[in-house]
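Enquirer: would you be able to build a 3D model of this:
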Amino acid sequence: MPHAHALPPELLALVFSAVYNDAEMGATSLLLRKSHELLDILLVCRFWNDVACQISSLWTTVHVGHDQNALNRAQTYADRSGYHEIDVVVTSMSEDVSAQTCGLAFHHLLLGRSHRVRSITIPFSPFHICQALYTQLPNLTSFTYVPMSSHDKRLAANSRPGDVNLDAPKLDTLVLHTDTVAFDRDEWPSLQSLEYRRCSGNEEWLWGILGASQRTLQTLVLSHPDEALVMRQGYPFYLSTKIKLCTSLSNLTSLRILGGEDPYWTTLRFADMSALTSLTVELDWFPDPGDQETSLPTFESLRSLSLATSTADDIHVTLAYLLQFTPNITSLTVTDNSDNYDAGEGHLINPLLLNTGEDPGQPLFCQYLEEITILGVSTPSAKLKELVTLRHPQIRKIRFDGELEIE
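Expert: As a prediction, this is how the structure comes out:
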């Protein structure tokens, strides 16, 4: 085995880069890229230290801390990254630190380098951080609010909050894991993906973004774990004067709904989504079809439907209801982890055996289905055989992860 010093710098560069690369996902996780991992490499020997310092791609994630060395460390990383675009991560707060120190480091980092900033990740928006964001970020494509730590929540209460201003004409991805968001600016002409993980549905800025991005938004994730998620445009005095009403998301192709409940399917009604091809609904409790005053819109373009629950006892009722409005889907995934049904009932297969009318000669719902995946429950063999018989030859694949109950 060759000595470490015998390895050429080019090979060492590949090894060092592999520390940060996620081979399975083909991407790099900003939150897992820690400075101490690079420090382990630098401390092996002077040769490794010299090689690592010359590999500019190793230094493209710049962590901005809250300690007294935050400024020098951030500038060192940014300088070593050469001409590469950089990803800036503001670290979570801890005891005996200063938001002002972090804000100062963040501000100096952006000075003269704003054109190189590709993404920004922050845990929340203290005033000093927001002040630094009042600059043009011409190449920023991604902005993320990560979940707040317990220290963040406590220390943020003693820190003056600020409104986030993003002058970023190329921003295409916005990911928010907090419910304390406030935006000075809610219009980005290139926004394609919005992921809001603490959505109650009536936030002013949310409707502002949706209204301004009606023609660009392609992916939308709305989540409110264990709570109701009700999409209703409130604040008429605000909407009528400051933002466009959101009536249509004409280019939206993917919608994910994750939360406790949505009693009236507001997440599927709040705007016209005629181009939607993929829909995922994961709720603790599903709306009762009998409580719906009007029927859902028909999603003619939808090709993939995923439905899941861990607690609801009526997922099969919801499935039967949604199949009426998704006539052209080719892929269906249903997951029931509630343990509410016996193995031999086949409650998730029954809706797939229904005809579109009372006449037995009428076609089945979703007659173009090619792939069916049933997860979390056992599958009775008799029901499975009936499903295959009725949907042959259109059906190509049926997958399940539970036991096959032989009758």
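Enquirer: when you work out contacts or count neighbours from here on, use the C-alpha atoms and nothing else.
Expert: Fine.
Enquirer: longest strand of the chain, counting residues only.
Expert: strand 219-228 (DSSP state E).
Enquirer: please save the CA atoms from it in PDB.
Expert: Extracted in PDB, the C-alpha atoms of strand 219-228 (Å, rounded to 0.1, in the frame of the first residue of the first chain):
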ATOM      1  CA  THR A 219     -43.300  22.800  -7.500                       C
ATOM      2  CA  LEU A 220     -45.300  23.600  -4.300                       C
ATOM      3  CA  VAL A 221     -45.000  21.900  -0.900                       C
ATOM      4  CA  LEU A 222     -47.400  22.900   1.800                       C
ATOM      5  CA  SER A 223     -46.900  21.300   5.200                       C
ATOM      6  CA  HIS A 224     -48.300  21.900   8.800                       C
ATOM      7  CA  PRO A 225     -47.500  18.800  10.900                       C
ATOM      8  CA  ASP A 226     -50.200  17.800  13.300                       C
ATOM      9  CA  GLU A 227     -52.200  20.900  12.600                       C
ATOM     10  CA  ALA A 228     -54.900  22.100  10.300                       C
END
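Enquirer: mind listing what's buried along that strand?
Expert: Neighbour-count burial for strand 219-228 flags Thr219, Leu220, Val221, Leu222, Ser223, His224, Pro225, Glu227, Ala228 (criterion: 16 or more other CA atoms under 10 Å).
Enquirer: what is the burial count for Leu353?
Expert: 17 (other CA atoms under 10 Å).
Enquirer: hang on, the earlier thing: list the helices and strands the longest strand of the chain packs on?
Expert: Judged by 3 or more CA pairs under 8 Å, 6 or more residues apart in numbering; DSSP states H and E, strand 219-228 is in contact with strand 193-196, strand 254-261.
Enquirer: among the ones you listed, which comes closest to Arg116?
Expert: Ranking those by distance to Arg116, with CA to CA as the measure, places strand 193-196 first at 21.3 Å.
Enquirer: ok now that closest one, how far from the chain's centre?
Expert: With CA atoms, centre = their mean, to the nearest Å as the basis, strand 193-196 stands 6 Å off its chain's centre.
Enquirer: got the CA coordinates for the following helix or strand past that strand in PDB?
Expert: Downstream of strand 193-196, the next assigned helix or strand under DSSP states H and E is helix 204-212. C-alpha atoms of helix 204-212 as PDB (Å, rounded to 0.1, in the frame of the first residue of the first chain):
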ATOM      1  CA  GLU A 204     -50.000  37.400   4.000                       C
ATOM      2  CA  TRP A 205     -46.500  36.900   2.500                       C
ATOM      3  CA  LEU A 206     -47.500  33.400   1.300                       C
ATOM      4  CA  TRP A 207     -50.400  34.700  -0.700                       C
ATOM      5  CA  GLY A 208     -48.100  37.500  -1.900                       C
ATOM      6  CA  ILE A 209     -45.600  34.900  -3.300                       C
ATOM      7  CA  LEU A 210     -48.300  32.700  -4.800                       C
ATOM      8  CA  GLY A 211     -50.000  35.700  -6.500                       C
ATOM      9  CA  ALA A 212     -46.700  37.000  -7.900                       C
END
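Enquirer: what's the angle from helix 204-212 to strand 219-228?
Expert: For helix 204-212 against strand 219-228, the angle by axes from the mean of the first three to the mean of the last three CA atoms, to 10 degrees is 150 degrees.
Enquirer: mind listing what's buried along helix 204-212?
Expert: Glu204, Trp205, Leu206, Trp207, Gly208, Ile209, Leu210, Gly211, Ala212.
Enquirer: need the three-state assignment for Phe16.
Expert: When classified by DSSP: H, G, I helix; E, B strand; the rest coil, Phe16 comes out as helix.
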